[in-house]
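J.: Please work out how this folds:
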Amino acid sequence: MKALIVGEYRNGETLECTYELIAFAKKLGAETAMFMVGGQDDPPKYDGKLYMADSAKYGEVNPDVHTKLLLDVAHQENPDYVILSHSSYGWDLAPRISFDLKAGQVSEVVDIDDGSFVLPAFNGKLHRKVTSKTGITVVTVQSGSLNMTEQPSGTPEMTLVGGEDIETGMEFTGYEEVESAGADLTKADVIVSAGRGIGKQDNISVIQELADAIGGELAATRPVVDAGWTDHSRQVGTSGQTVSPKLYVACGISGAIQHLAGMKKSEFIVAINTDIDAPIGEVADVFVVADIKQFAPALSAKLKRA
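T.: Predicted coordinates for the structure are as follows:
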């Protein structure tokens, strides 16, 4: 069984999601090769065959051109799986590759279970298992879904691909940073985050009080933001901000993959939840089994007296 990993490269650096794909392929039990449009002088840390196209020539982003380059490599390697990150880059390439290879596509995979791909359902409340019936399968993997136990390492056996000009109506002109109109949580040392488990909008004040007592910033999960309980600028997760504070306090947060991807690099994580089996417990350093509406005011009062 062979997997062709599609690495990502941005602003002159290999993105961490590339290494998550390597870990995913290992869990799949597949022999691997990698394709990337990037910098030849700074390849990813990877022990294996790397097909590298020059980003200076083909652009860091260009779906038309990258699809052509990737298809050439896929036809050469004839993999059982083509594995991409579930990102804007992966979303662009995956359906194009799937169509050309006549391959099934399985999107937003978060795990592998007994040969089946595990996908979230009902806004992450449930999981479902999917298998492909095609000879080749294109897979996109949700960033942050795997706990990487090893640091990236290795030197690839690099083969340069491309060289010829490829016609395209697209031109990569660079990236545009989104203007932050609210809180910049990436600079906070302490974050206290509210999840759906806080119950209702009125209880945001309870979480804010705890954040103030600790000297931290208020944050929230996507369901809390979508409900209008707090501002979008305070959202942590794949569709919000990615943070790495010294202390992250998760209040009433179950631990959906999309949220974990945005905060799992925190130095110390405290989770407060009534459900002892909540997935947030897998990344928490301290897990408090309690009703946040009772525990948070008590903790705030204790901290204020200290």
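
J.: State the distance from residue 251 to residue 286.
T.: According to Cβ to Cβ, to the nearest Å, residue 251 and residue 286 sit 13 Å apart. Using the backbone N, CA and C atoms, a C-beta is placed for each residue, glycine as well.

J.: do residue 127 as well
T.: 26 Å.

J.: what does residue 270 give?
T.: Relative to residue 286, residue 270 is positioned 5 Å away (Cβ to Cβ).

J.: Likewise for residue 275?
T.: Here residue 275 is placed at a distance of 16 Å from residue 286 (Cβ to Cβ).

J.: same question, residue 98
T.: Residue 98 is 43 Å from residue 286, where distance means Cβ to Cβ.

J.: of the two, who's got more company?
T.: Per other Cβ atoms under 10 Å, whichever of residue 98 and residue 286 has more neighbours is residue 98, with 20 against 11.

J.: Provide the backbone phi and psi angles at that one.
T.: phi -60, psi -40 (degrees, to the nearest 10).

J.: so what's it up against?
T.: Contacts for residue 98 were tallied using Cβ atoms under 8 Å, 6 or more residues apart in numbering; they are 104-105, 138.

J.: and which of the residues you listed is nearest to residue 69?
T.: Minimum distance to residue 69 across those is 15.7 Å, recorded for residue 138 (Cβ to Cβ).

J.: Check which helix or strand the closest one maps to.
T.: Under the criterion of DSSP states H and E, residue 138 resides in strand 137-141.

J.: do the same with residue 32
T.: Following DSSP H and E, one finds residue 32 within strand 31-38.

J.: Which elements pack onto the next helix or strand after that strand?
T.: Using DSSP H and E, the helix or strand that follows strand 31-38 in sequence is strand 49-54. Packing contacts for strand 49-54, counted by 3 or more Cβ pairs under 8 Å, 6 or more residues apart in numbering; DSSP states H and E, involve strand 31-38, helix 63-77, strand 157-160.
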